[in-house]
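Chemist: need a 3D model of the sequence below.
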Amino acid sequence: MPAGTRFCNACGTPLAQEAPAASGPPPAVSGGGTASPPVFYKNPGVATLLSFFFMGAGQIYNGQIGKGVAYIVLYSISLLLMFVLIGFITTPILWIIGMVDANSSANHINQELARRHGG
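Modeler: As a prediction, this is how the structure comes out:
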């Protein structure tokens, strides 16, 4: 049967309907009626969780490679500073800042993609 046919031409039985759209932002449609290339949104929860387990991983997930590497270096230095006790203050502070930054960066990236693609 031709594409877009909703009923069987022989018996009139409704054909399988499309699955309901997945949750999340709808795909952008251009003026010609065809869907634009997929837009990949960043999950703020995943970014935060990655930074929780490994400092800088959330930034790398967000596509901010340089920032992620900088967090890894700073966190490593902070861990070394534990030998002179100041690291016991700087390490948890840096860890929390890294998680908050990963989350807010993912939200900012999503807002920019939505603005750029009319979402």
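
Chemist: report the buried residues of the longest helix seen in the chain.
Modeler: For the chain, the helix that runs over the most residues, judged by DSSP state H, is helix 87-116. For helix 87-116, a neighbour-count test (16 or more other C-beta atoms under 10 Å) marks 87, 90-91, 94-95, 98-99, 101-103, 105-106, 109-110, 113 as buried. (Glycine included, C-beta is placed from N, CA and C.)

Chemist: quick check: mean pLDDT of stretch 101-110?
Modeler: Average pLDDT, stretch 101-110: 94.

Chemist: tell me which residues are up against that stretch.
Modeler: 41-48, 50-51, 58-59, 61-64, 67, 71 (C-beta atoms under 8 Å, 6 or more residues apart in numbering).

Chemist: mind running it again at 7 Å?
Modeler: Tyr41, Lys42, Asn43, Pro44, Ala47, Thr48, Leu50, Ser51, Gly58, Gln59, Asn62, Gln64 (C-beta atoms under 7 Å, 6 or more residues apart in numbering).

Chemist: what about burial for these, which qualify?
Modeler: Lys42, Pro44, Ala47, Thr48, Leu50, Ser51, Gly58, Gln59, Asn62, Gln64.

Chemist: rebuild these as CSV, extending it with pLDDT and distance to Ile77.
Modeler: Formatted as CSV, the entries for these read as follows, by pLDDT from 0 to 100; distance: C-beta to C-beta, whole Å:
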residue, pLDDT, distance to Ile77
Lys42, 91, 27
Pro44, 93, 27
Ala47, 96, 23
Thr48, 96, 22
Leu50, 96, 20
Ser51, 96, 17
Gly58, 96, 19
Gln59, 96, 17
Asn62, 95, 22
Gln64, 95, 19
